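Trainee: dropping a prediction and its sequence here:
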Amino acid sequence: MSLRSVSRVAAFFDLDRTLMAGSSGIHFARAAYRSGMVSRARLARWGVEHVRFRLRGSTDERTAQVLSQVRELLAGVPEREIERMGPDLLVGVLPRIYPKMLEEVRAHQDAGRATFIVSAAGNGLVEMLAQVLGMDGGIGTRYEVGGDGLLTGRLVEPFVYGEGKVAAMKLFADDHEIDLPQSWAYSDSASDLPMLRAVGNPVAVNPDPELAKIAAEEGWRVMRFEKLGRRLAIGGATVAAAASGTLLASRRKQPPRGLRARTSLRRH
């Protein structure tokens, strides 16, 4: 968590499908692929999953599966290597920030309220993105680092998802004297109902059907502006499926990159 000037009232923004279109996870996967951490086959699978997320949002079960995969992937990786992926991540994420949500951030700032990103994404990305967007801080999921500088694959609780977002927000609010009942929170998903109900001013952004129903029943403000994005996502499903097939076919036809390199060296 990072912090600049904080007032007693704040606005908290979910990241995926709220502050930005789609999932930051696919951009992490692409950066991890370019760094050599992720195979092409896994990248293709995550690409298809990203399209599903754009269309349907997340579920507790799917989030748990993805978390398990990420923890397995990160175990034994140097923390410095993850930090070095930061600029590559931003290149993917920044063009996906919704202009309307950035306007909302600026409106809160102009009214004297602090603004924060709260996300299950890694804390490093969340803090870095908040800084680049000129926001006051970020609250993301932290991963344990051993004395040798390697990630252990374990979380530093809480996992910033569902009730975990509220736990992280309350810790942050207590440390910085933020009045949650007077604050705002923004999200697209019913999985963030705990976060939305933790503040006095919840806002549903391009809400999934369950959240839309609850927002209507409780009289919450609703922001809708992603119809075009959803149409593009539907078209993208075909592209992602084709990409998966192309990548896998390519792997069947050609030996792995490392093997090709070693074969070339032996010939010379």
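Mentor: Cool, the structure landed.

Trainee: what strand or helix carries residue 12?
Mentor: strand 10-13 (DSSP states H and E).

Trainee: list the neighbouring strands of that strand plus their orientation.
Mentor: strand 114-122 (parallel), strand 184-187 (parallel) (DSSP bridges).

Trainee: what does the last one rub up against?
Mentor: To tie it back to what came earlier, the one meant is strand 184-187. Strand 184-187 is contacted from outside by 10-14, 18-19, 101, 104, 108, 113, 118, 192, 195-196, 198-205, 211, 223, using C-beta atoms under 8 Å, 6 or more residues apart in numbering. (C-beta placed from N, C-alpha, C; glycine too.)

Trainee: 6 Å instead, please
Mentor: 11, 12, 13, 14, 18, 195, 196, 199, 201, 202, 203, 205 (C-beta atoms under 6 Å, 6 or more residues apart in numbering).

Trainee: against which helices or strands is the helix or strand that it is followed by packed?
Mentor: Following strand 184-187 in sequence order, the next helix or strand is helix 193-197 (DSSP H and E). Under the contact definition 3 or more C-beta pairs under 6 Å, 6 or more residues apart in numbering; DSSP states H and E, helix 193-197 sits against helix 163-176, strand 184-187.

Trainee: list the buried residues for the longest one?
Mentor: For helix 163-176, a neighbour-count test (16 or more other C-beta atoms under 10 Å) marks 164, 165, 166, 167, 168, 169, 172, 173, 176 as buried.

Trainee: for the fourth one, which non-adjacent residue is spatially closest?
Mentor: Pointing back at residue 167 there. residue 158 (4.3 Å; C-beta to C-beta, 6 or more residues apart in numbering).

Trainee: quick check: phi and psi at that neighbour.
Mentor: phi -90, psi 160 (degrees, to the nearest 10).

Trainee: and it, how far is that from residue 166?
Mentor: 9 Å (C-beta to C-beta, to the nearest Å).

Trainee: ok, residue 121 next?
Mentor: Taken as C-beta to C-beta, the span from residue 121 to residue 166 is 17 Å.
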